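Asker: this is the structure alone, sequence omitted:
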């Protein structure tokens, strides 16, 4: 438990708020990514890199990480406060999310001193971009079945295979890589190993994937006899699955070990409603149209149910039927309601709903159109909604496979 | 201020204890065999079980100690109705509780406490509220003139069991409450409804010509406010009950999907059946969250806007949840689901009754739109 006094917390919050207010960047004149999965251009990358560096230099990133590796070694509650203020002030994201929230905390937890010294500071400063190599083209939702081969050859591993949905794969210096070291292992999970792999070596070829938005953000990453030092192995051979699962727990934020920073821009339903104030339907404000009002109320309820569900999940006597149904369904609920909300935002624009980013008449620059198209990254990535539903049906309701 | 607004959700130790007791009691006293035995009975409930509920103090739970109640507030009763819904246990509890709340909230000064004392002691009572099929009607058609009632009330909940009626009437264009003993309501002016939910009973009653003494009439602005509150409390308690029913409906369906085989496979392995069950589970979860959020915002005073929003959301969510759970329960039981013998019909039929009572989902969403969007 945190030993920091309420007074200290309040004072710190005030300090961060003042800094954010003074340093929040002006509108750069191009649409910024709402999440780290949407960094598609050098222009966006340069902007975000500069911003993250600024946040870190000001002392509001990686606060709980050790001082010698670029952090400040303070109680993680300070980072949580800083994160809340970043969200509250709607500043841009700290884009190096795989480093800040996955690789970094992992290295901090189980890396050697040499690894910590080598990697952590670059993650915080934004100098070293990290990407993640878990998914493969033929095994989208079935990570345990990853087939990219890592064969030991003297002091090196030789990599052959393909990873897909590598976020910022074309910009990244390092990849956290899940690869198969033992194809003969009895359980498929036991044949997997975990690597901190350099990207800038011969035989690694990240090819940008053009998304449905027309933009870039991911690569398909081809490995052809790519050689990496054997010292890149994290833990032992065969521990890959366990380590990959461990990286997932850092998602809970600074208190769980992550460096912090804003990972995605939250789009509140209030923003959508406020943005529609001037839209008309049948010659009157759309917000007075009974059919639209009903749709908005349903959407508000959907969002509110997610928030209330998080509250109720912490109350033991109110979760006795299926104790894990709320946490296990959180991803499905949240991502699906986000997707529906963004689609609704397009519906509500009248003829402008048909315009897209690039049209000067597009409402808010086509923000909602692009946001809706991008929302599928969350309903598909990390296990599709349909796979999530299977998991809930089998693990919570006990329905047969 | 965000439209998401107040998201408080708390659950006291008292509530948790009441929930445990209520769940165990309802499961034990209302197994499916008992529910079915009561479907075609006159009363619709077992007087012995009602007596036990009285002995536990449930009818007076929300009334002040000075009146013989437990002084716990409506929030304490919410888990009871959820438990009753889960076990499809009926009876005059909800009608009595709402009648008690209506009188309590409308009372000013030294009004006659007889009916409230009786309710706290376990004498069944009910509200004669509805004049037509329109839950949103502004105008009260039943009139009180020179101490005499004139008008017909529809769907008076558990009227046959009630010994007291709180009749909602209008006098000089203002709402009033007339407290009428059952002895004044002859059998000839009562017509038994046939409800689609056979676990409940209700009557249509012609109150025309019934005299009400001056002490038995409640008037003034407190009546308007009390009516507003009780409509919301009724919606909330039904939402709690519907949430419980939807949860056990889901259990019934899931149990069947785990045992029934077709084409050589347990049908629960088919995603076409699995995924709707997950949708129902999430809807049941949402219902519970809204219901206990609303319970959190209730106090002794008139309901504030946050509490009103919460009650309306709870009813709108619960109504749709039970409708969907019941509908899919019948469908997923296949041919069995089409029979009287299959329990799915009990939930399906209850859903149709619950969806309209105290306003259906569009009724509440329309009012929510005003509360949320016109600020």
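Answerer: Good, I have the coordinates. Bear in mind that the values here come from a model prediction, so they are computed numbers and not experimental data.

Asker: from now on I want contacts and neighbour counts done on CA atoms only, so please keep to that.
Answerer: Noted.

Asker: remind me which helix or strand residue 228 belongs to.
Answerer: No chain was given, so I picked chain A. strand A:218-229 (DSSP states H and E).

Asker: think we crossed wires, I meant chain B
Answerer: Assigned by DSSP H and E, residue B:228 falls in helix B:221-259.

Asker: would you mind listing what in chain B touches chain A?
Answerer: Residues of chain B lying close to chain A (CA under 8 Å from any CA of the partner chain) are B:2-4, B:7-11, B:16, B:254, B:257-258, B:266, B:268-269, B:271, B:274-275, B:277-278, B:282, B:285-286, B:289-290, B:293, B:313, B:362, B:365-366, B:368-369, B:372-373.

Asker: who's in contact with stretch B:162-177?
Answerer: B:92, B:96, B:99, B:103, B:115, B:123-129, B:140-145, B:149, B:159, B:178-183, B:217-220, B:223-224 (CA atoms under 8 Å, 6 or more residues apart in numbering or on different chains).

Asker: report the distance from it to the chain centre.
Answerer: 20 Å (CA atoms, centre = their mean, to the nearest Å).

Asker: distance between the ends of that stretch?
Answerer: Length of stretch B:162-177, first residue to last, CA to CA, to the nearest Å: 16 Å.

Asker: so for that stretch, mean pLDDT?
Answerer: Stretch B:162-177 shows a mean pLDDT of 97.

Asker: related to what we said a few turns ago, among the contacts of stretch B:162-177, which ones are in helices?
Answerer: B:96, B:99, B:103, B:115, B:223, B:224 (DSSP state H).

Asker: now for the last one: which residues touch it?
Answerer: Contact criterion CA under 8 Å, 6+ apart gives B:106, B:175 as the residues in contact with residue B:224.

Asker: follow-up on the earlier one: and the strand holding residue A:228, which strands flank it?
Answerer: Strand pairing for strand A:218-229, determined by DSSP bridges: strand A:156-167 (antiparallel), strand A:204-209 (antiparallel).

Asker: circling back: tell me which residues of the helix holding residue B:228 come out buried.
Answerer: Neighbour counts using 16 or more other CA atoms under 10 Å in any protein chain shown place B:222-224, B:226-227, B:229-254, B:256-258 of helix B:221-259 among the buried residues.

Asker: so what touches whichever helix or strand comes after it?
Answerer: With elements assigned by DSSP H and E, the helix or strand that comes after helix B:221-259 is strand B:261-262. Strand B:261-262 has contacts (CA under 8 Å, 6+ apart) with residue B:267.

Asker: what lines up beside strand B:261-262 in the sheet?
Answerer: Checking strand B:261-262 against DSSP bridges gives partners strand B:265-266 (antiparallel).

Asker: now the strand it pairs with: average pLDDT?
Answerer: The pLDDT scores in strand B:265-266 average 95.

Asker: got the phi and psi for residue A:137?
Answerer: Per-residue torsions, residue A:137: phi -50, psi -40 (degrees, to the nearest 10).

Asker: list the contacts of it.
Answerer: Neighbours of residue A:137 in contact, by CA under 8 Å, 6+ apart: A:162, A:163, A:164.

Asker: residue B:208 versus the residue in the stretch 1-150 of chain A positioned nearest to chain B, what's the distance?
Answerer: Using CA to the nearest CA, the closest approach of the stretch 1-150 of chain A to chain B is made by residue A:88 at 12.5 Å. From residue A:88 over to residue B:208 the distance is 61 Å, taken as CA to CA.

Asker: these two: who's more crowded?
Answerer: residue B:208 (17 against 12; other CA atoms under 10 Å in any protein chain shown).

Asker: wait, the more buried one sits on residue B:151?
Answerer: Yes. At 5.3 Å, residue B:208 and residue B:151 qualify as touching, with contact defined as CA atoms under 8 Å.

Asker: mind listing residues that contact stretch A:180-195?
Answerer: Taking CA under 8 Å, 6+ apart as the rule, stretch A:180-195 contacts A:144-152, A:175-179, A:232-241, A:243-244.

Asker: in which helix or strand would I find the residue in the stretch 51-200 of chain B that chain A sits nearest to?
Answerer: Here the stretch 51-200 of chain B gets closest to chain A at one residue, residue B:79, 9.8 Å apart by CA to the nearest CA. Using DSSP H and E, residue B:79 sits in helix B:74-86.

Asker: check which helices and strands that helix is in contact with.
Answerer: helix B:13-29, helix B:221-259, helix B:271-296 (3 or more CA pairs under 8 Å, 6 or more residues apart in numbering or on different chains; DSSP states H and E).

Asker: residue farthest from the centroid of the chain?
Answerer: Picking chain A for this. residue A:283 (41.6 Å; CA atoms, centre = their mean).

Asker: correction: the question concerned chain B.
Answerer: Largest centroid distance in chain B under CA atoms, centre = their mean is residue B:264 at 43.2 Å.

Asker: got the phi/psi numbers for that residue?
Answerer: phi 80, psi 10.

Asker: quick check: it vs chain A, distance?
Answerer: 13 Å (CA to the nearest CA, to the nearest Å).

Asker: ditto for residue B:280
Answerer: 11 Å.

Asker: hmm, that residue is touching residue B:321, no?
Answerer: Yes. The criterion here is CA under 8 Å, and residue B:280 meets it with residue B:321 at 6.8 Å.

Asker: of those two, who's got more company?
Answerer: When neighbours are counted by other CA under 10 Å, residue B:321 comes out ahead of the other of residue B:280 and residue B:321, with 29 against 21.

Asker: what pLDDT does the model give residue A:259?
Answerer: According to the model, residue A:259 scores 89 on pLDDT.

Asker: residues in contact with whichever residue of the stretch 101-250 of chain B sits closest to chain A?
Answerer: Closest contact between the stretch 101-250 of chain B and chain A, by CA to the nearest CA, is at residue B:247 (8.8 Å). Residue B:247 makes contact with B:86, B:281, B:284, according to CA under 8 Å, 6+ apart.

Asker: could you pick out the buried ones from those?
Answerer: B:86, B:281, B:284.

Asker: output the set of residues of the stretch 251-400 of chain A in proximity to chain B.
Answerer: A:269-270, A:287, A:290, A:293-294, A:296-298, A:300-301, A:303-309, A:311-312, A:315, A:317-318, A:325-326, A:329, A:333, A:386, A:389-390, A:392-393, A:397, A:399-400.

Asker: how many residues are close by the residue nearest to residue B:359 when sequence neighbours are not counted?
Answerer: Among residues not flanking residue B:359 along the chain, residue B:135 sits closest, at 5.5 Å (CA to CA, 6 or more residues apart in numbering or on different chains). Residue B:135 is flanked by 16 other residues according to other CA under 10 Å.
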